[in-house]
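Asks: the following comprises the amino acid sequence and a computationally predicted model.
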Amino acid sequence: MINGTENILKFESNYKSFEWMHIHSKEQRDFFNEHPFKKDISILFIPTGGHLRIDFNDFITSKPTLFFCGYQRIQILKGENITALNYNRDFYCIQIHDAEVACDGLLFQNAGQSQATELSPEEYLIIQNLFSEIAKELLLKDSSMEEMVRILLKQIIIRATRLWKEQQLPDKVSEVPAEVEFYRNFNRLVEIHFKKWHSVSDYAEILGLTAKTLSNKFNRLNLLQPNEIIKNRILLEAKRLLCFTDWSVKEIAYELGYEDPAYFNRLFTGKVGNSPVVFRKLFNEGKKVH
């Protein structure tokens, strides 16, 4: 079933959903921001001059940029002619189809790097055309429309993954497929296990390495240290739970696998700069928190 308005095109079939949305006014930004937690996967195409807040980080763009978000809080604070794609995992799951696009742990589920992918003038035209083709397909009643949209979506993801590796990873990493896969695999493991595995040695063991070897490998490749990636993911989840649930700090500590809430409190305060209680208070008062 296709539903369309002036700036929104939707496809829904059984449990599958896909939405194309063009945002070119403050009213439409407000509509998008009305439900800032996106239960679906979102891809945002910002031609220029955008300002996004994703979770607790601000991104200000001066060049055409793509953003890839999964189950995150997204607010568009500034920008015109933005196009957003929102779809659920029943429509296209990057984990199930990892061999096709190889973006999991890079564009998505990556606590160590930026979510922004800048576009060259050439890539901008290609991506713009792909987004336009998706809109055209959604207006068709052809039986092959759904699969064609999926093919176009995969092209966007593949192109962005290639660009992201060039922009975000050091040359000696991005040019060696085995090193990229190692980094990707580590990020995916962190996403799966961060609530119960808190140390580098936990991940080193499953990778068949010592903790020192794992840390040295990241150091040689000039990447953010594995311990920082692990802690970043834990703290991001802690911030989400503090700001968007009424759970106590003790409940959040237990949810994140810490049997000693006092230790969790010290970890959070040392890394964030405010205690969990103060962080929640500042957020509830409308203050900007990081």
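Replies: Yep, that arrived.

Asks: so the residue nearest to the spatial centre of the chain, which of the three states?
Replies: Nearest to the geometric centre of the chain sits Cys69, at 3.3 Å (C-alpha atoms, centre = their mean). Following DSSP: H, G, I helix; E, B strand; the rest coil, the label given to Cys69 is strand.

Asks: stretch 89-98: which residues count as buried?
Replies: Phe91, Tyr92, Ile94 (16 or more other C-beta atoms under 10 Å). Placement of C-beta: from N, CA and C, glycine included.

Asks: also stretch 223-230?
Replies: Leu223, Pro226, Asn227, Ile229, Ile230.

Asks: quick one: the first one from Arg29, how far?
Replies: As judged by C-beta to C-beta, to the nearest Å, Leu223 and Arg29 stand 35 Å apart.

Asks: returning to what we had before: ok, of the buried residues of stretch 89-98, which one's closest to Asp260?
Replies: Ile94 (35.5 Å; C-beta to C-beta).

Asks: separation between that closest one and Ala135?
Replies: Distance from Ile94 to Ala135, by C-beta to C-beta: 22 Å.

Asks: same list, the buried residues of stretch 89-98, but as JSON lines with pLDDT and distance to Gly257 please.
Replies: Shown next, in JSON lines, are those (pLDDT from 0 to 100; distance: C-beta to C-beta, whole Å):
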{"residue": "Phe91", "pLDDT": "95", "distance to Gly257": "32"}
{"residue": "Tyr92", "pLDDT": "93", "distance to Gly257": "31"}
{"residue": "Ile94", "pLDDT": "85", "distance to Gly257": "25"}
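
Asks: with distance to Lys288 and secondary structure added, can I get those in TSV?
Replies: Listed next are the buried residues of stretch 89-98 as TSV, based on distance: C-beta to C-beta, whole Å; DSSP: H, G, I helix; E, B strand; the rest coil:
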residue	distance to Lys288	secondary structure
Phe91	34	coil
Tyr92	34	coil
Ile94	31	coil
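
Asks: and which of those is nearest Ile126?
Replies: For the buried residues of stretch 89-98, the nearest to Ile126 is Tyr92 (19.7 Å; C-beta to C-beta).

Asks: that closest one reaches Leu153, doesn't it?
Replies: Yes. With contact defined as C-beta atoms under 8 Å, Tyr92 reaches Leu153; the gap is 6.1 Å.

Asks: do a quick rundown of the helices in the stretch 51-200 of the chain.
Replies: With DSSP state H, counting those that start in this stretch as the criterion, the stretch 51-200 of the chain has helices at 98-101, 121-138, 145-168, 171-174, 177-193, 200-206.

Asks: with mean pLDDT added, can I get these in a markdown table?
Replies: Shown next, in a markdown table, are the helices of the stretch 51-200 of the chain (pLDDT from 0 to 100):
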| stretch | mean pLDDT |
| --- | --- |
| helix 98-101 | 84 |
| helix 121-138 | 96 |
| helix 145-168 | 94 |
| helix 171-174 | 74 |
| helix 177-193 | 91 |
| helix 200-206 | 95 |
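
Asks: which one of the ones you listed lies closest to Ala111?
Replies: Using C-beta to C-beta, the helices of the stretch 51-200 of the chain put helix 177-193 closest to Ala111, at 6.4 Å.

Asks: which elements pack onto that closest one?
Replies: helix 171-174, helix 200-206, helix 226-244 (3 or more C-beta pairs under 8 Å, 6 or more residues apart in numbering; DSSP states H and E).

Asks: pick the most buried one from those helices.
Replies: Among the helices and strands packed on helix 177-193, judged by mean count of other C-beta atoms under 10 Å, the one packed with the most neighbours on average is helix 226-244 (a mean of 19).

Asks: in CSV, list the C-alpha atoms belonging to it.
Replies: C-alpha atoms of helix 226-244 as CSV (Å, rounded to 0.1, in the frame of the first residue of the first chain):
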residue,chain,number,x,y,z
PRO,A,226,39.2,-0.3,22.1
ASN,A,227,38.7,0.6,25.7
GLU,A,228,37.4,4.0,24.6
ILE,A,229,35.0,2.5,22.1
ILE,A,230,33.6,0.1,24.7
LYS,A,231,33.2,2.9,27.3
ASN,A,232,31.7,5.3,24.7
ARG,A,233,29.0,2.7,23.9
ILE,A,234,28.2,2.1,27.6
LEU,A,235,28.0,5.8,28.4
LEU,A,236,25.8,6.5,25.4
GLU,A,237,23.3,3.9,26.6
ALA,A,238,23.5,5.3,30.1
LYS,A,239,22.7,8.8,28.8
ARG,A,240,19.7,7.5,26.9
LEU,A,241,18.4,5.7,29.9
LEU,A,242,18.9,8.8,32.2
CYS,A,243,17.2,11.1,29.8
PHE,A,244,14.4,9.0,28.4
